[in-house]
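A.B. asks: Using only what follows, build the 3D model:
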Amino acid sequence: MRKAKAKHNRKRRMKVYLAAKVLVADEFGIWPYDRESATGFCTLVSERYERGNIILTSNKGFGGWGELLGDSVIASALLDRLPHHSHVVNIRGESYRLREKRQAGLLAAGRDDGKRRRQLPQLTKSLSNRPGGGSI
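C.D. replies: Predicted structure coming up:
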């Protein structure tokens, strides 16, 4: 979106994201968002709300989104929309990558990296228009 803004075609880029049947935001929260990026992401989610599906993966719990986005109001707005009509899946345990490295002997067995609990909320907006949502 930042590149689109620089080229003065942000509206056209937004139309592409809004037209997709499923929008995937993978690894949300790996890097913190600046104010402009957080506002842009919130705008995108708001525009897609109850119109298109969103799959979002993250290793950040919902409680840390205010810090990640640099604005608790934007985080609240996102958390008001994303979980509505959604299924949240929390996956806990060692990541596949760390487990494979450990099994290959590339990572020491006692290292804390693999012992860390991971929380990956995945939000999927329902395709159903009936009250209460439904399954995908």
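
A.B. asks: Going by C-alpha atoms from here, please, whenever you check contacts or count neighbours.
C.D. replies: OK.

A.B. asks: This protein: strands as residue ranges?
C.D. replies: Secondary structure of the chain by DSSP state E: the strands cover 22-28, 53-58, 86-89, 122-125.

A.B. asks: Identify each buried residue in the third one, please.
C.D. replies: Along strand 86-89, the positions that meet the burial threshold by neighbour count (16 or more other Cα atoms under 10 Å) are 86-88.

A.B. asks: thinking again about what came up before, could you identify which of the strands of the chain is most buried?
C.D. replies: Each of the strands of the chain was scored by mean neighbour count; the highest is strand 122-125, a mean of 24, by mean count of other Cα atoms under 10 Å.

A.B. asks: can you tell me how far Lys60 sits from Lys101?
C.D. replies: Lys60 sits 23 Å away from Lys101, going by Cα to Cα, to the nearest Å.

A.B. asks: quick check: longest helix of this protein.
C.D. replies: Ranked by residue count, the top helix of the chain under DSSP state H comes out as helix 35-48.

A.B. asks: relative orientation of that one and strand 22-28 in degrees?
C.D. replies: Interaxial angle of helix 35-48 relative to strand 22-28 (axes from the mean of the first three to the mean of the last three Cα atoms, to 10 degrees): 150 degrees.

A.B. asks: Okay then, goodbye and thanks.
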